[in-house]
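Undergrad: need a 3D model of the following:
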Amino acid sequence: MSTVSAVLITLTCILVPVSLITVWVHDIVLDTDRYVSTVSPLASDPAIEAAAVTRIAAAADARVDGSQVTSDIAAWLESQGLPPRVGKAIKSLGPQLDSAVDQVVTKVATRFTESDRFETIWTEANRAAHSAVVHALTGEGRGSVEVSGGTVTLDVGAAVEQVKKDLVDAGLSPAEKIPDVKKKMVLFQSDKLEKIRDLVHLLDVIGNWLPILTVVLGAIGVVLARRRRRALVTTMLGAAAACLVLAIGLVIIRRYYLDHLPAQVQSPAAAAAIFDTLLRFLRVSIRTAIVLGILVAIGAYLSGSGRLPRAVRGTADRTADSAARWGGAHGVHTGKVGTWVDAQRRWLTIGVLLILALVFAFWNHPTVLTVLLLVLILLAVLAVLALLAASGRNAESAKRPAEHEPSPPSGLPE
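TA: Coordinates of the predicted model:
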């Protein structure tokens with residue numbers, strides 16, 4: 001492997017996980033539909049629902065003054081001639097009255113957050129505020145979502161208004177006095193947010209081009225290598241290893257973040273749910289890259305001239321020959337098609353590989369299942385080609401003895 005090839009391959013392995021990050025940032029920042037589809041499931045996440053109930057109930061704060069109400073009732077009863085001990089007993093019910101009202105508010109808020117109405121408000125709020133969310137890493141924010149320093153918050157005012165209406169409908173008339181509020185629910189907080197904004201902006205700008213550049217550099221590195229097959233195996237395994245390092249890094253970052261949550265984040269479970277949801281597609285991409293790298297490396301190795309690859313290919317060819325002979329014995333023949341496939345098998349295989357590579361390249365956000373599906377299709381096509389080629393070889397072998405068989409004598413003795 002030449003020095004230039006080694007440098008390009010090393011650079012490719014480093015750029016593969018970086019490319020995955022740039023694509024993730026680019027999609028989250030610029031694709032509104034994808035962002036909304038990413039965060040919409042959070043509306044039905046138990047941790048998010050619990051945090052929303054707490055914030056909405058605190059924002060509604062529809063308490064009556066239990067002590068004042070019971071004092072007024074006790075004073076009226078005493079004015080009607082009841083003993084003071086009765087009034088004292090009535091006054092002691094003040095805290096219970098406050099608690100009962102709190103329970104009603106919490107119950108209504110819980111019922112609301114578990115309904116489709118909360119999911120609709122959540123989705124609409126995130127869609128309308130997408131311009132703020134996508135600029136969270138650049139420090140710009142407006143609408144329902146705001147960014148201040150390293151804190152990203154969501155205004156739950158619309159949800160509070162809906163709960164206020166439900167409370168009034170439930171017969172809790174003091175809820176009518178709830179003022180218009182702009183209660184904030186902290187979605188994300190990190191002191192490092194401002195420090196990485198320039199880097200995120202750069203990743204967003206190069207998000208469309210870095211993956212292409214990475215593939216081109218890797219291809220050039222493999223072509224310039226003295227042993228191209230070995231270089232391809234090295235490149236794919238190196239890229240898979242780099243992605244594995246990134247996956248481990250995300251686990252460490254997640255643990256560090258959750259262990260150092262600031263006071264503004266009231267629900268660690270909700271913070272974990274948001275973190276996991278926003279990084280879900282990045283994790284899927286990492287797993288896909290790891291699986292793809294390993295499978296391509298295995299395929300490149302098995303196409304080599306080593307003892308094991310030759311043994312595997314030999315077993316596959318013998319199996320195909322046996323199946324072709326069995327088919328020929330039962331009247332199944334491929335004719336000229338089999339002969340042509342046998343002669344063009346290498347180029348047909350290369351063509352199939354190129355087609356599947358293009359399908360994968362243009363697949364919108366491929367997953368591990370996508371890779372496995374394409375591999376199964378490749379194996380099925382290679383099996384068909386092997387059977388057709390084996391049938392063609394058997395047909396040619398059957399013709400040769402007939403062509404070289406001596407002609408019978410023109411005349412036979414009486």
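Undergrad: need the helix or strand of the chain with the lowest average pLDDT.
TA: Least confident element among the helices and strands of the chain, by mean pLDDT, DSSP states H and E: strand 145-148 (a mean of 53).
Undergrad: next up, the contacts around Leu213.
TA: Listed by CB atoms under 8 Å, 6 or more residues apart in numbering, the contact set of Leu213 reads Leu15. From N, CA and C alone the C-beta is placed, and that goes for glycine too.
Undergrad: next up, identify which helix or strand it is on.
TA: Using DSSP states H and E, the element containing Leu213 is helix 210-224.
Undergrad: buried ones in that helix, by neighbour count?
TA: By 16 or more other CB atoms under 10 Å, the buried positions in helix 210-224 come out as Leu210, Pro211, Thr214, Val215, Leu217, Gly218, Gly221, Val222, Leu224.
Undergrad: same check, this time on stretch 377-389
TA: Leu378, Val381, Leu382, Leu385, Ala386, Leu387, Leu388, Ala389.
Undergrad: OK, contacts around Val23?
TA: Val23 neighbours (CB under 8 Å, 6+ apart): Gly207, Pro211, Ser285.
Undergrad: run the last query once more with 10 Å
TA: Residues near Val23 by CB atoms under 10 Å, 6 or more residues apart in numbering: Leu203, Gly207, Asn208, Leu210, Pro211, Phe281, Leu282, Ser285, His365.
Undergrad: what does Pro41 give?
TA: Ile48, Glu119, Trp122, Thr123, Ala273, Thr277, Arg280 are the contacts of Pro41 under CB under 10 Å, 6+ apart.
Undergrad: greatest separation within these: which pair is it?
TA: Of all pairs drawn from these, the greatest distance, 18.0 Å, lies between Glu119 and Arg280 (CB to CB).
Undergrad: between the two, who's got more neighbours?
TA: Remark: of Glu119 and Arg280, Glu119 carries more neighbours, 17 against 13, as counted by other CB atoms under 10 Å.
Undergrad: secondary structure element for the more buried one?
TA: For Glu119, the element it lies in under DSSP H and E is helix 116-128.
Undergrad: tell me the pLDDT at the residue nearest to Val16 when sequence neighbours are not counted?
TA: Sequence neighbours aside, Ala239 is the residue nearest to Val16 in space, at 4.1 Å (criterion: CB to CB, 6 or more residues apart in numbering). With respect to pLDDT, Ala239 has a value of 94.
Undergrad: for Ala50, same thing?
TA: So Ala50 comes in at 76 (pLDDT).
Undergrad: over to Pro406?
TA: For Pro406, the model assigns a pLDDT of 55.
Undergrad: what's the answer for Ser285, then?
TA: Ser285 is assigned a pLDDT of 91 by the prediction.
Undergrad: can you check Val23 too?
TA: You'll see Val23 listed with a pLDDT of 85.
Undergrad: how about the one 10 residues further on?
TA: At Asp33, the pLDDT value in this model is 74.
Undergrad: so whichever strand or helix holds it versus helix 116-128, what angle?
TA: Element membership for Asp33, per DSSP H and E: helix 32-39. Comparing the axes of helix 32-39 and helix 116-128 via axes from the mean of the first three to the mean of the last three CA atoms, to 10 degrees yields an angle of 140 degrees.
Undergrad: please name every helix or strand in contact with helix 32-39.
TA: Judged by 3 or more CB pairs under 10 Å, 6 or more residues apart in numbering; DSSP states H and E, the packing partners of helix 32-39 are helix 3-30, helix 116-128, helix 130-134, helix 268-278, helix 280-302.
Undergrad: buried sites along the longest one?
TA: Read that as helix 3-30. Residues of helix 3-30 classed as buried by neighbour count (16+ other CB under 10 Å): 5, 8-10, 12-13, 15-29.
Undergrad: quick one, it and helix 268-278 angle?
TA: 120 degrees.
Undergrad: tell me the angle helix 3-30 makes with helix 210-224.
TA: Using the same axes, to 10 degrees: helix 3-30 against helix 210-224 is 160 degrees.
Undergrad: ok, the residue nearest to Ala52 when sequence neighbours are not counted - how many residues close by?
TA: For Ala52, ignoring the flanking residues on the chain, the nearest one in space by CB to CB, 6+ apart is Thr113 at 4.9 Å. Counted with other CB under 10 Å, residues neighbouring Thr113 total 26.
Undergrad: ok, now how distant is Thr113 from Ser40?
TA: Thr113 sits at a distance of 15 Å from Ser40 (criterion: CB to CB, to the nearest Å).
Undergrad: report the buried residues of stretch 326-335.
TA: For stretch 326-335, burial by neighbour count (16+ other CB under 10 Å) applies to Gly327, Gly328, Thr334.
Undergrad: now tell me what touches it from outside.
TA: By CB under 10 Å, 6+ apart, the surrounding residues in contact with stretch 326-335 are 323-324, 338, 340-342, 387-392, 394-395, 398.
Undergrad: tell me which two in those are the farthest apart.
TA: For the contacts of stretch 326-335, with distances taken as CB to CB, the pair at the greatest spread is Ala323 and Trp340 (18.9 Å).
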